[in-house]
Every structure is written in structure tokens, then in C-alpha cells.
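Peer 1: what's the 3D shape of this:
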Amino acid sequence: MINLIINNKAVQAPEGSTILEAARANGIYIPTLCYDEAVEVYGACGLCVVEAEGIPKLLRSCSAKVSEGMVINTESERVVQSRKIALELLMSAHDGDCVAPCQLNCPARTDCQGYVGLIANGEYDAALKLIKNKIALPASIGRVCPHPCEKGCRRANVEEPINIAQLKAFAADMDLKADSYVPECKPSTGKKIAIIGGGPAGLTAAFYLRLLGHEVTIYDMMEKMGGMLRYGIPQYRLPKEVLDKEIAIIEKTGVKMVNGKKLGVDYTVKSLKADNDAVIVAIGAWSSSSMRTPGEDLNGVYGGIDFLRGVIQGNPVEIGEKVAICGGGNTAMDACRTAVRLGAKEVYVVYRRTRNEMPADKLEIDEAEEEGVIYKFLTNPLSFNGENGKVKSITLQVMELGEPDASGRRRPVPIEGKTEEIAVDSVIMAIGQKLVADDAKELTLTDRGNIQADEDTFETNLDGVFAIGDATNKGASIAIEAIGEADRCAKVVDAYLKGESFETRVPYISKRDEKTIDYSMREKQERIMAKVLPADERNKNFKEVSLGLTEEEAKKEANRCLECGCREYYKCKLLNVAQRYDIKPERFKGEMPQKYNENSNEFIERNTAKCILCGLCVRSCREVMNLSSIGLLGRGFSTNVAPAFNLPLNETNCTNCGLCVSLCPTGALTERSSLKKQVPLDERYEEKTVEINGEKASVLVAKYNGKTIRVIPNDDISRNANLSREELFKLV
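Peer 2: The predicted structure is shown next:
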């Protein structure tokens with residue numbers, strides 16, 4: 001045995017073994033992408049380098065042999081710098097999406113591609129469970145979310161984006177109709193958390209903290225939980241019966257809910273902190289923003305949020321027959337459509353830009369117009385005019401569009417001397433909402449009057465007190481933003497309660513160059529939208545407008561997904577190593593050496609653009625299977641992996657053993673069809689029963705010259721376990 005030191009740890013290794021083997025045998029991590037025990041050492045990736053005392057150059061640990069007294073450092077500054085450069089070079093030529101653009105565009109980072117794919121396969125329960133990893137109220141959010149995910153959907157480059165939001169609502173509704181899924185909580189930690197505010201942020205944080213085993217109590221000033229989902233969104237968009245069912249599921253996990261208790265009256269932040277290990281402030285923005293327009297104080301001029309809350313609580317204000325709504329967002333759409341349902345004869349939406357610049361959801365804009373709403377584009381209120389203290393008309397400044405502003409939208413510019421006047425009985429200002437400052441007087445506020453909270457850790461000026469949602473930093477936004485913050489805050493608070501630090505660094509992921517994507521071969525398919533009540537029926541009542549997707553419609557729509565994100569995301573060795581280091585591959589950006597091609601067969605899918613030329617597939621095919629069905633073609637930067645003589649894979653001697661697939665570290669080679677169809681149970685494969693997490697599971701084992709070369713998950717238990725190749729090998 002050879003004695004050596006690795007990272008200040010004295011270890012022993014058999015004579016003739018490599019530094020990499022010695023490190024692995026002693027639980028010391030050294031990254032590598034081109035090494036596998038089944039094939040000869042190649043040393044292509046350059047990631048396994050280490051520094052040896054007394055040796056000037058870095059050593060490749062996969063080939064360098066151990067020697068007596070050797071002193072090795074696997075993570076020195078020089079080693080890390082070398083690995084970063086190697087990774088940047090590899091990633092600069094790796095054209096693939098780790099994560100689909102829809103997921104990246106979702107503020108809650110919901111795995112949209114994952115649950116859409118499960119719906120396409122009819123696996124609705126699995127889809128719902130995947131959604132609930134990030135969203136505690138999917139049936140509600142699926143109805144009201146302005147779906148930023150769809151703005152990132154690449155299907156729009158073919159015809160229209162996938163109807164992701166309604167698919168989410170479909171899966172959640174299927175769950176609510178059955179025995180609703182209630183996740184199991186981890187064992188009790190003995191830690192107590194108080195959450196102030198029972199809106200989407202507070203409910204989400206409570207749900208995920210409870211699942212982590214903490215005792216959670218939500219305090220809310222209103223008579224029921226739900227926040228703006230309940231008191232700011234009309235019944236026709238979000239039936240409160242749906243919201244009630246989803247809140248009841250959160251309550252079933254053990255979250256305690258206390259209603260009718262107001263911050264600053266019944267308790268303070270500090271009094272709650274005295275009785276709890278942590279406090280999360282999620283009080284929302286309950287005050288309508290002012291327009292600072294003359295005449296705002298007249299009777300008949302209302303804030304949008306106040307107006308909607310009164311209707312939902314059953315005490316609507318008197319609006320008369322002629323109503324003007326000022327604003328172009330979703331709150332303005334909710335207000336104008338509600339006014340129509342209350343019996344107003346003329347309902348105007350006053351907006352200073354054009355229809356194309358409206359931030360409201362296009363569907364809401366169109367449906368409001370179908371219901372009789374009149375749009376007054378390129379107009380802006382100059383004054384609200386009254387008589388005897390009551391509003392009677394609005395003077396509108398006529399506008400035109402100038403140069404784009406910071407948001408990218410063209411700036412509205414007044415046309416000198418051009419105005420118009422419309423008679424009204426009431427005005428609803430729906431231009432935004434803000435925090436009620438008195439509610440947060442114990443906390444430090446920003447210059448904008450919102451709670452100041454660290455954008456990564458959500459910490460406030462008080463120790464153990466965190467703040468999230470509409471009340472913080474930038475102010476009110478969409479519900480899914482608050483939900484995303486709440487999910488991340490739950491992880492931060494969990495770490496805080498354990499006395500651990502929380503990693504705020506955003507890990508690296510690969511993104512495709514949009515300019516390289518060819519959609520010409522994609523067949524155009526019509527986007528499927530849920531049917532709605534006819535306009536002349538729905539504008540007379542508050543029944544839910546959308547009838548939801550049928551099962552057939554949901555599956556058909558889900559099947560339009562292009563599956564942009566990598567299916568090997570959770571197993572990709574390249575990504576696993578890349579995320580350990582702060583890399584910047586754009587430093588070496590240039591023309592991609594390899595392009596996407598269709599060189600696949602019915603068993604194996606090849607994506608050469610993801611290939612990093614590690615050589616494992618070529619070497620395993622030649623050295624282990626004795627076939628040489630694929631090889632390295634070309635030289636230098638243009639080298640690529642291809643079948644012999646560049647033939648189609650089906651025309652080579654490939655036996656579809658799948659060894660190359662199991663060794664590929666990047667997802668350049670993947671299995672095309674289900675494992676049972678792909679790998680027939682012939683003489684080369686033996687079915688074995690193993691134990692995974694205490695349950696009996698089935699795997700297929702392939703051997704060559706008496707050596708196990710491949711282990712394949714063969715049933716639901718083994719497939720869902722997401723075990724690495726090494727872990728599968730250990731099982732057999």
C-alpha cells in the first residue's frame with residue numbers, strides 16, 4: 001500500500017492505482033466527465049486535474065499514479081482556475097437548454113414542461129404533485145395568473161404558446177374533484193413560526209414550512225384567508241369555493257389559521273417574535289394608489305382595490321350608469337367587467353397608451369370588450385369634474401406615442417391643446433396599490449414606502465423577522481411573484497432555524513442560442529383554449545366565465561409542447577460540475593462546432609449539439625462492445641461524433657445495447673422510448689429484483705465477458721428513484 005496525503009488527509013492506496021481512484025476510495029471528490037471504469041483512461045475533459053507538492057504542472061488524476069509520500073491538493077486556487085477554464089470551453093460549445101424557457105420565465109420556477117408532459121401522458125396525479133412542489137394554490141393561480149411562463153414558450157415561434165395556465169388549473173381541478181392530495185409533513189422540529197398575512201405569499205410560506213416540520217400559525221386581519229385572491233379578484237374569474245378548497249388542504253397539513261386579528265391592534269411584530277422562533281411579514285398592499293389628479297376627493301371617485309373588495313364582501317358602492325375606469329392592468333379589467341355585471345350601461349376604460357401597450361392579459365382585454373366595455377385609448381385624465389361634491393365628468397388629455405421609455409413601451413405624449421370630456425356617474429382609479437404604511441411602522445421602509453427586505457434572504461431590520469410579497473421593496477406585483485418569494489423564503493427560514501447559512505448564489509445553467517433553432521419542420525397546431533360562457537350571458541352575473549379544459553382538450557394541448565428543457569437535467573454530470581464553480585462561458589463564445597441533427601433511431605436519440613467530445617460513447621462501443629458503430633469524425637474544432645462512414649445509425653451494426661446512453665455525461669445521447677420497449681428481455685439482459693427505499697423493485701442487468709456493463713430501471717419504483725449509474729451498479 002502507498003501512503004499519501006490528499007487535502008490534508010492521510011490515506012492509503014494500492015500500488016499502481018491512480019490519484020482519482022485513491023481519492024474516490026476515501027470519499028474525496030474529484031470531478032471528471034470522460035472517465036469510467038469500463039473503458040481505458042482517455043483524459044479528454046481536463047476536469048480531474050490536481051496539484052501535487054513539488055511537481056510544477058497540474059496532474060490529470062485519472063491517469064497519474066500514486067507514489068509514496070505524495071501530497072495532493074484537489075481544490076487549490078490553481079486547480080479551481082484550471083477547471084473553470086476547462087468548463088467554460090466545454091460549455092461554450094454545448095448548445096442545449098438545461099431548463100425550459102417557460103420555467104425560467106415563471107417567477108416561482110415551476111416545472112411547466114414537466115407537468116405539461118405528465119398531462120400529455122394522462123398522469124394527472126403526478127402532474128399535480130409536481131406543480132405543488134412550487135405552488136400551494138394551483139387551481140386558483142391557474143385561473144388568475146397572467147402566465148409569464150407562456151411569454152417564454154418557444155411554441156410561439158411555430159404558432160402560439162402552450163396554454164400552460166389553463167393546463168395547471170385542469171390538473172388542480174382534477175385533484176379537487178377526487179380525494180385531494182395532502183403532502184406528508186416531515187417530523188416536528190419543535191420550531192414555531194408566525195406569518196402575518198393570509199394571502200398567496202403567506203399561505204405559500206406556511207404550506208412549505210409546515211411540510212418541513214415546523215409549527216406555523218397565520219394571522220390575518222380579514223374574516224377569511226386568501227388575501228387579494230379572495231378580496232381583489234372577482235368571483236367570475238376565481239370562484240371562492242375553489243379557493244376555499246385549496247386553503248382547506250393547507251390547513252389539513254396542520255397550519256393554524258387565525259382570522260380577524262390586525263397587526264398593530266391585536267399584536268405587534270415584536271410580540272409575535274417573542275413567542276415564535278421566526279416571523280414572516282406578508283401583509284400585502286391594501287391601499288389604492290393615488291393618481292394625483294384634481295378632483296380625486298369628489299364623491300363617486302373610488303380606488304380600484306377598494307371597489308372590488310366592497311363588491312366581493314357584498315356591500316358594493318353606488319356607481320350609477322356611466323362609469324370610467326382609469327388604468328390598463330388586470331385590476332382595471334376586473335373593475336370594468338365588474339361594473340358591467342353591476343348593471344352600468346356605459347363602462348369606459350381610459351388608458352394613455354394603445355391596446356398593444358396594455359399590461360393586462362390579452363384574454364381579459366378581449367373578453368371585456370365582448371361584454372360591452374368601451375376603450376378610450378391615448379387619453380389621460382386631466383381632471384375629475386364635480387357638482388355639489390359629486391363627480392359628473394372627466395376631462396381627458398388626448399395623447400400620442402413618442403419614444404420608448406425604460407419599460408420598452410412607447411412613451412405617451414400630450415397633444416397640445418387637444419382634450420375631450422365624458423360624462424360619468426363614477427370613476428374607478430385602477431392604476432396600482434400600495435402598502436398601508438402604519439401597518440409596518442416597526443420595520444424599516446424604503447424610499448418608496450415599502451418594507452425594506454434583503455432581496456436574497458428576505459431579512460428585515462429585526463432579527464428573525466422576514467418580509468415577502470407586495471409589501472416589500474418594489475411593491476405590488478402579480479401573485480405568482482409573491483408565491484415565488486414565499487417558496488424561497490421558506491427555505492431561508494428553514495436554514496435560519498437550523499443555524500445554517502443559505503446559498504444565495506444562482507447556479508449556472510446552459511441556454512440555447514435562440515438564433516440556432518430551426519422551427520421549419522414543426523407542424524402547426526391550433527392552440528386550444530377553454531370554452532367560455534357567451535358574452536351576453538356572462539355579463540349579467542358573476543358565474544365563472546371559463547368552463548375549463550376537458551380531459552381530451554388538455555391532453556391534446558399538452559402534446560403541443562416542444563420539450564425544450566433537457567430530460568437529463570437531474571442526472572447531467574456536466575451541469576453538476578458546472579454548478580460547483582462560478583463560470584462564464586460567454587468569454588469563449590463563437591460559432592457552435594456541432595449542430596442539432598436527426599441522426600437517431602427508434603431506440604436512441606442523438607443530440608450532437610450537446611456533445612462535449614468526451615469520447616465515452618465511442619470508446620465504450622469499441623472497447624466494451626467490440627462494435628465501433630460510432631466514431632470521431634473530422635479534426636480540430638470541427639470534430640464530431642457520428643456513425644461509421646456517417647451512415648444513419650439504423651444502417652450501422654449498433655445493437656441498441658444502450659451502454660453509450662448510460663455513460664453519456666451530457667444528455668447528447670438519450671433513450672427515445674420506454675425502457676421496456678427499448679430493451680427486449682433477450683439473452684443479453686437479465687431481470688433482477690432489488691430493494692430501493694425498502695420496496696422491491698425490478699432492474700435489467702446487461703453483462704459483457706462476465707462484467708456488468710449496464711443496469712436499467714425496469715418499473716415505476718426503480719425509474720422514479722432517479723438513481724445514478726454508480727448507485728444502480730451497487731444495487732446488483
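
Peer 1: per-residue confidence at V711?
Peer 2: What the model reports as pLDDT for V711 is 78.

Peer 1: hang on, it in a helix?
Peer 2: No. Using DSSP: H, G, I helix; E, B strand; the rest coil, the assignment for V711 is strand, not a helix.

Peer 1: quick one: what helix or strand has the residue nearest to it when sequence neighbours are not counted in it?
Peer 2: Spatial nearest neighbour of V711, chain neighbours left out: L728 (4.0 Å); criterion: Cβ to Cβ, 6 or more residues apart in numbering. Every residue, glycine included, has its C-beta placed from N, CA and C. In this assignment (DSSP states H and E), L728 forms part of helix 725-731.

Peer 1: Using PDB, write out every CA atom in that helix.
Peer 2: Once non-C-alpha atoms are left out, helix 725-731 reads as follows in PDB (Å, rounded to 0.1, in the frame of the first residue of the first chain):
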ATOM      1  CA  ARG A 725     -25.300   4.800 -12.700                       C
ATOM      2  CA  GLU A 726     -23.000   4.100  -9.800                       C
ATOM      3  CA  GLU A 727     -25.900   3.700  -7.300                       C
ATOM      4  CA  LEU A 728     -27.700   1.300  -9.700                       C
ATOM      5  CA  PHE A 729     -24.500  -0.700 -10.100                       C
ATOM      6  CA  LYS A 730     -24.100  -1.000  -6.300                       C
ATOM      7  CA  LEU A 731     -27.700  -2.500  -6.100                       C
END
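
Peer 1: which ones are touching the residue nearest to V711?
Peer 2: Listed by Cβ atoms under 8 Å, 6 or more residues apart in numbering, the contact set of L728 reads V699, V711, P713.

Peer 1: Quick check: pLDDT value at it.
Peer 2: At L728, the predicted lDDT confidence score is 77.

Peer 1: what bits of the stretch 151-300 of the chain have low per-residue confidence?
Peer 2: Applying pLDDT under 70 to the stretch 151-300 of the chain flags no residue at all.

Peer 1: show me where it has helices.
Peer 2: Under the criterion DSSP state H, counting those that start in this stretch, the stretch 151-300 of the chain contains helices at 164-177, 200-211, 228-231, 240-252, 269-275.

Peer 1: hey, which of these is tucked in deepest?
Peer 2: Most buried of these, by mean neighbour count (mean count of other Cβ atoms under 10 Å): helix 200-211, with a mean of 28.

Peer 1: Taking helix 240-252 as reference, get the angle to that one.
Peer 2: Interaxial angle of helix 200-211 relative to helix 240-252 (axes from the mean of the first three to the mean of the last three Cα atoms, to 10 degrees): 30 degrees.

Peer 1: Can you list the helices and strands that helix 200-211 packs against?
Peer 2: strand 192-196, strand 215-220, helix 240-252, helix 479-498 (3 or more Cβ pairs under 8 Å, 6 or more residues apart in numbering; DSSP states H and E).

Peer 1: I'd like to know which elements the third one is packed against.
Peer 2: The contact analysis (3+ Cβ pairs under 8 Å, 6+ apart) places helix 240-252 against helix 138-144, helix 164-177, helix 200-211, helix 228-231.

Peer 1: quick one: which of those is nearest G590?
Peer 2: With Cβ to Cβ, the closest approach to G590 among those belongs to helix 164-177: 34.2 Å.

Peer 1: Centre of the chain to the closest one, how far?
Peer 2: Distance of helix 164-177 from the chain centroid (Cα atoms, centre = their mean, to the nearest Å) equals 17 Å.

Peer 1: lowest-pLDDT helix or strand in this structure?
Peer 2: helix 675-678 (a mean of 39; mean pLDDT, DSSP states H and E).

Peer 1: hang on, the earlier thing: mind putting the contacts of L728 into JSON lines with neighbour count and distance to A120?
Peer 2: Below are the contacts of L728 laid out as JSON lines (neighbours: other Cβ atoms under 10 Å; distance: Cβ to Cβ, whole Å):
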{"residue": "V699", "neighbour count": "25", "distance to A120": "27"}
{"residue": "V711", "neighbour count": "23", "distance to A120": "28"}
{"residue": "P713", "neighbour count": "20", "distance to A120": "21"}
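
Peer 1: A248: which of those is nearest?
Peer 2: P713 (36.6 Å).

Peer 1: I'd guessed the closest one sits against V732; true?
Peer 2: No. With contact defined as Cβ atoms under 8 Å, P713 and V732 do not form a contacting pair (11.7 Å).

Peer 1: so what sits against both of the two?
Peer 2: If you check P713 and V732 against Cβ under 8 Å, 6+ apart, the residues they both contact are V699.

Peer 1: Give the buried residues for the helix holding L728.
Peer 2: L728, F729, L731 (16 or more other Cβ atoms under 10 Å).

Peer 1: Could you save the residues you listed as a markdown table and add columns showing distance to I141?
Peer 2: Supplementary listing: the buried residues of helix 725-731 in a markdown table, determined by distance: Cβ to Cβ, whole Å:
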| residue | distance to I141 |
| --- | --- |
| L728 | 37 |
| F729 | 42 |
| L731 | 40 |
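
Peer 1: Go through those residues and name the one nearest V144.
Peer 2: Among the buried residues of helix 725-731, and counting by Cβ to Cβ, the member closest to V144 is L728, at 43.3 Å.

Peer 1: in stretch 473-487, what counts as buried?
Peer 2: In stretch 473-487, counting by 16+ other Cβ under 10 Å, buried: 473, 475-487.

Peer 1: can you check stretch 398-418 too?
Peer 2: For stretch 398-418, the neighbour count (16+ other Cβ under 10 Å) marks V398, M399, L401, R410, R411, P412 as buried.

Peer 1: repeat for stretch 332-352
Peer 2: Buried residues in stretch 332-352 (16+ other Cβ under 10 Å): 332-342, 344, 346-352.

Peer 1: Only the C-alpha atoms, please, for it, written as PDB.
Peer 2: Below are the C-alpha coordinates for stretch 332-352, written out as PDB (Å, rounded to 0.1, in the frame of the first residue of the first chain):
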ATOM      1  CA  ALA A 332     -58.600  47.700 -14.400                       C
ATOM      2  CA  MET A 333     -60.000  44.800 -16.300                       C
ATOM      3  CA  ASP A 334     -61.500  43.300 -13.100                       C
ATOM      4  CA  ALA A 335     -63.100  46.700 -12.300                       C
ATOM      5  CA  CYS A 336     -64.600  47.400 -15.700                       C
ATOM      6  CA  ARG A 337     -66.000  43.800 -16.100                       C
ATOM      7  CA  THR A 338     -67.400  44.000 -12.500                       C
ATOM      8  CA  ALA A 339     -69.100  47.400 -13.300                       C
ATOM      9  CA  VAL A 340     -70.800  45.800 -16.300                       C
ATOM     10  CA  ARG A 341     -72.100  43.000 -14.100                       C
ATOM     11  CA  LEU A 342     -73.400  45.500 -11.500                       C
ATOM     12  CA  GLY A 343     -75.600  47.000 -14.300                       C
ATOM     13  CA  ALA A 344     -73.700  50.000 -15.600                       C
ATOM     14  CA  LYS A 345     -74.900  50.900 -19.100                       C
ATOM     15  CA  GLU A 346     -71.700  52.700 -20.300                       C
ATOM     16  CA  VAL A 347     -68.300  51.500 -19.000                       C
ATOM     17  CA  TYR A 348     -65.200  53.200 -20.300                       C
ATOM     18  CA  VAL A 349     -61.600  52.200 -19.800                       C
ATOM     19  CA  VAL A 350     -59.300  55.300 -20.000                       C
ATOM     20  CA  TYR A 351     -55.800  54.300 -21.000                       C
ATOM     21  CA  ARG A 352     -53.000  56.700 -22.000                       C
END
